[in-house]
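Trainee: quick check, what structure comes out for this input:
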Amino acid sequence: MAKKLYIRTFGCQMNEYDSDKMADVLDAAGGATLVDAPEEADIILFNTCSVREKAQERVFHDLGRVRELKAARPDLIVGVGGCVASQEGAGIVRRAPYVDVVFGPQTLHRLPALIERRRASGQAQVDVSFPAIEKFDHLPPPRVEGAAAFVSVMEGCSKYCTFCVVPYTRGEEVSRPLDDVLVEIADLAQQGVMEVTLLGQNVNAYRGGTGDGVADFASLIEHVAEIPGIERIRYTTSHPREMTQRLIDLHGACAALAPQLHLPVQSGSDRVLAAMKRGYTALEYKSIVRRLRAARPDLALTSDFIVGFPGETDRDFEATMRLVDEVGFDGSFSFLYSARPGTPAAELPGAVPREVAQARLERLQAALEATYRANSEAQVGRHLRVLVTGAAAKNDAELAGRAPDNRVVNFAGAPELVGTYADVAVTRAYPHSLRGELRRANGSADDAR
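Mentor: The predicted model follows:
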């Protein structure tokens, strides 16, 4: 009898990908059906993130909510995976003794065995080791839902930014062999996937083994673009230090590569960037942007910012605002600095008062939002080729699609268009989406009505 599985996912797209793989692994091991509520489940998994302090505490809050479920049903399996699991290890079981299994991002493929050992021994099982690439060798073929898919091509990070826990929770950078990635994507394409997003903590640091050498990230993209059926390629998250000229040039040369890039900068102050150990200056970052836009003038560039890093002065923040004004980002994830235990930045002096940091954050976000809206308004009148992903969020009778720059475009159309590309004329810009009219569907020469 298939087990009912509930997964709560915190954090980034890498975690979303890992959650899908947890479901695949448990389904292949004996059947697992995803359910929407923990009360319905036989197995409850929390796939955690430790990048933000609030996200970490939310995990333990949610664990407390399932404690009564576990008390009422002792056979219920409660598991914690992801980065908090790597960071806390057996400490999770000490804090929440009703947790049955604790596993890291690199050991999710061992989940069925961990559950079996828990049932056989009656003891909580903890495995937060770093067996490098082993995970991918033991994952079942991906299940496809829709025409877009995420594909993890590398794990971990070797940059050791002073504010970040990822190198400690996911390990050093390890790339999957080139052929393994290409086989997975070819399999996805045969199942109807037309758009892939290549994932990694620093995805453009990819160095995948080949039969006679190593393929860099640009080579990987070139190979993916040759796979029949793959029309559009995205990637995230990238690091400025790994943005090679070959990869920059590819943004102009490879038609399948979407005109969209997420390139975190974190700050516009060289002094703060040095304290963060980012490995570049604001001028070097702007040089990368200039070369990218020379290669692909329509590139939509998004970024990450941390506001209130220890020692950040008004002058430092003004440097960030100048960078925002000069670059013209098409959106961003921006956060107040949050000290993570065990990271070098947590020991730095010069804490910024929260009210000061909050005022800076609001000012930064207002500037970023204004640029995003202006760029959205500039889309009105353009024809965009969108991947139709499903029903519109606010109107089930309409469709939603993803534009090349990743904006959501809502329009009227037949349900049969879901999972295909359609040409849409943009008629109006809203704060977080576009409105369009269908012009051509499925590459047809006739205008759709």
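
Trainee: against which helices or strands is the helix or strand where Arg234 lies packed?
Mentor: Taking DSSP states H and E as the criterion, Arg234 maps to strand 232-236. Contact here means 3 or more C-beta pairs under 8 Å, 6 or more residues apart in numbering; DSSP states H and E; on that basis strand 232-236 packs against strand 195-199, helix 217-225. Any C-beta I mention is one placed from the backbone N, CA and C, and that applies to glycine too.

Trainee: can you state the direction angle for it and strand 195-199?
Mentor: 20 degrees (axes from the mean of the first three to the mean of the last three C-alpha atoms, to 10 degrees).

Trainee: gap between strand 232-236 and the chain center?
Mentor: Mean-position distance between strand 232-236 and its chain equals 11 Å (C-alpha atoms, centre = their mean, to the nearest Å).

Trainee: name the surrounding residues that touch that strand.
Mentor: Contact with strand 232-236 is made by 13, 194-200, 203-204, 217, 221, 224-225, 254, 256-258, 260, 262, 387, 404, 406, as judged by C-beta atoms under 8 Å, 6 or more residues apart in numbering.

Trainee: and those, which are buried?
Mentor: By neighbour count, with 16 or more other C-beta atoms under 10 Å, the contacts of strand 232-236 hold 194-200, 203-204, 217, 221, 224-225, 254, 256-258, 260, 262, 387, 404, 406 as buried.

Trainee: let me see the ranges of the helices in the chain.
Mentor: For the chain, the helices defined by DSSP state H occupy 13-28, 53-72, 83-88, 91-95, 111-121, 134-137, 166-170, 178-190, 217-225, 245-253, 270-276, 282-295, 314-327, 354-377.

Trainee: can you say which of these is packed in most?
Mentor: Highest mean neighbour count among the helices of the chain (mean count of other C-beta atoms under 10 Å): helix 83-88, with a mean of 26.

Trainee: helices or strands up against that one?
Mentor: With contacts defined as 3+ C-beta pairs under 8 Å, 6+ apart, the packing partners of helix 83-88 are strand 43-48, helix 91-95, strand 101-103, helix 166-170.

Trainee: give me the contacts around that helix.
Mentor: Applying C-beta under 8 Å, 6+ apart, the contact partners of helix 83-88 are 11, 15, 48-51, 56, 59, 92, 95, 102-105, 128, 165-166, 168-170, 342.

Trainee: what about that helix, average pLDDT?
Mentor: For helix 83-88, the mean pLDDT works out to 85.

Trainee: I'd like the numbering to begin with 662 instead of 1 from here.
Mentor: New numbering, starting at 662: the last item is helix 744-749.

Trainee: chain center to that helix: distance?
Mentor: Centroid separation for helix 744-749 versus its chain: 18 Å, with C-alpha atoms, centre = their mean.

Trainee: again with stretch 680-687
Mentor: 17 Å.

Trainee: and the contacts of it?
Mentor: Residues contacting stretch 680-687 (C-beta under 8 Å, 6+ apart): 664, 666, 668, 670, 693, 695, 704, 706, 708, 742, 769-770, 772-773, 799-804, 811.

Trainee: could you rerun that using 7 Å?
Mentor: For stretch 680-687, contacts defined as C-beta atoms under 7 Å, 6 or more residues apart in numbering pick out 666, 668, 670, 693, 695, 704, 706, 708, 742, 769-770, 772-773, 800-801, 803-804.

Trainee: so what pairs up with Gly1097 in the strands?
Mentor: Val1087 (DSSP bridges).

Trainee: count the neighbours of it for me.
Mentor: 27 (other C-beta atoms under 10 Å).

Trainee: same deal with Glu1008?
Mentor: The tally of other residues near Glu1008 (other C-beta under 10 Å) stands at 10.

Trainee: then Glu806?
Mentor: Counted with other C-beta under 10 Å, the neighbours of Glu806 add up to 12.

Trainee: which ones are touching Gly750?
Mentor: Val763, Val787, Val789.

Trainee: now for this structure, the helix or strand with the poorest mean pLDDT.
Mentor: Lowest on mean pLDDT, DSSP states H and E among the helices and strands of the chain sits helix 795-798, with a mean of 68.

Trainee: wait, what's in contact with Leu859?
Mentor: Taking C-beta under 7 Å, 6+ apart, we find Leu859 in contact with Val812, Val814, Ile894, Tyr896.
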